[in-house]
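K.L.:
what would the 3D arrangement of this be:
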Amino acid sequence: MISASHLAQFFVASIIIIMVPGPSVLFTLARGVAWGRAVAVLTVLGNSMGTLLLSLVVALGLGPLLSRSRAFAIVLQIAGGCYLLWLGFDALRHRHAHAQAMTQREEHRPSNATIVRQGFTVGVLNPKSLVFFAAVFPHFVNRSNGDVTLQLVVLGCIFSVMAFCSDGTWGMIAGTAREWLSSSTSRLVVLRTIGGCVMCTLGILIFASAVTS
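P.N.:
Numbering: from 1, shown residues only. Okay, here's the model as predicted:
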């Protein structure tokens, strides 16, 4: 199974990635600002279900390849570092547009089932999440510690639970402080800027680790 050191590294990296204002956080904040805490939490539930499905698809598809090729694992790690760098730069470049979009409100509140379905659709159809899982998860797999596919499945489940807890917290905060957040896009720009810088830093660390391994 997964070694303690790899699991600890995975927890740290996941906390950093999940807590910064990335696409899923922005989506949750937008729903919280528009409709309050209940809608935000239901959105996170659907999104987490979609994210879990993607992580399982990646685990079942990549597991056999990673167990047979160390070179393939290193290439994926390098790709993961580059991908996080791209996400960080994209977040910084479009931070004003993203902040402005989050303050827009819909006219009618959707039903609970619709909210969960919308969250699931955003999660499962997000190509960024698919690429992220495929490029970053293998960095925390130890090929000498047993079934690689099982390790990827475990990491995917852990990540999805952590994402639900973290994004749900963001949604509760947004729903509680909805008027404060929507009254000034500059506050949302600051969140997006912090997220972009953190993702760039993490990308550099993963890239450097893969190159020197």
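K.L.:
relative to Leu92, how far out is Asp135?
P.N.:
One thing to correct before we go on: residue 135 is Ala, not Asp. Computed with C-beta to C-beta, to the nearest Å, the distance linking Ala135 and Leu92 is 20 Å. Where C-beta positions appear, they are placed from N, C-alpha and C, glycine not excepted.
K.L.:
need the helix or strand of this structure with the lowest average pLDDT.
P.N.:
Across the helices and strands of the chain, the lowest-confidence element by mean pLDDT, DSSP states H and E is helix 178-182, at a mean of 63.
K.L.:
which stretches of this structure form helices?
P.N.:
Using DSSP state H, the helices found in the chain span residues 4-19, 23-35, 37-68, 70-93, 95-102, 112-124, 127-136, 148-176, 178-182, 185-212.
K.L.:
Asn142 is nearest to which of the ones you listed?
P.N.:
Proximity to Asn142, assessed across these by C-beta to C-beta, is greatest for helix 4-19 (5.3 Å).
K.L.:
over that closest one, what's the mean pLDDT, rounded is fine.
P.N.:
Average pLDDT, helix 4-19: 77.
K.L.:
try stretch 38-51
P.N.:
88.
K.L.:
next one: stretch 75-87
P.N.:
Taken as a whole, stretch 75-87 has an average pLDDT of 72.
K.L.:
point out the most buried one among the helices of the chain.
P.N.:
Highest mean neighbour count among the helices of the chain (mean count of other C-beta atoms under 10 Å): helix 23-35, with a mean of 24.
K.L.:
same for that helix, what does it pack against?
P.N.:
In terms of contacts (3 or more C-beta pairs under 8 Å, 6 or more residues apart in numbering; DSSP states H and E), helix 23-35 is packed against helix 37-68, helix 95-102, helix 112-124, helix 148-176, helix 178-182, helix 185-212.
K.L.:
and these as a markdown table, adding distance to Met19?
P.N.:
A markdown table is the format used below for these (distance: least, C-beta to C-beta, whole Å):
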| stretch | distance to Met19 |
| --- | --- |
| helix 37-68 | 13 |
| helix 95-102 | 17 |
| helix 112-124 | 17 |
| helix 148-176 | 5 |
| helix 178-182 | 17 |
| helix 185-212 | 8 |
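K.L.:
Thr28 is nearest to which of these?
P.N.:
helix 148-176 (4.6 Å).
K.L.:
what angle do helix 70-93 and that closest one make with each other?
P.N.:
If you take axes from the mean of the first three to the mean of the last three C-alpha atoms, to 10 degrees, helix 148-176 sits at 10 degrees to helix 70-93.
K.L.:
what angle sits between helix 148-176 and helix 4-19?
P.N.:
30 degrees.
K.L.:
for helix 148-176, which helices and strands make contact with it?
P.N.:
helix 4-19, helix 23-35, helix 37-68.
K.L.:
and Ile173, which of those helices is closest to it?
P.N.:
Across the helices and strands packed on helix 148-176, Ile173 has its closest neighbour in helix 23-35 (7.4 Å, C-beta to C-beta).
K.L.:
so for the closest one, mean pLDDT?
P.N.:
pLDDT averaged over helix 23-35 gives 71.
K.L.:
off-centre distance for it?
P.N.:
14 Å (C-alpha atoms, centre = their mean, to the nearest Å).
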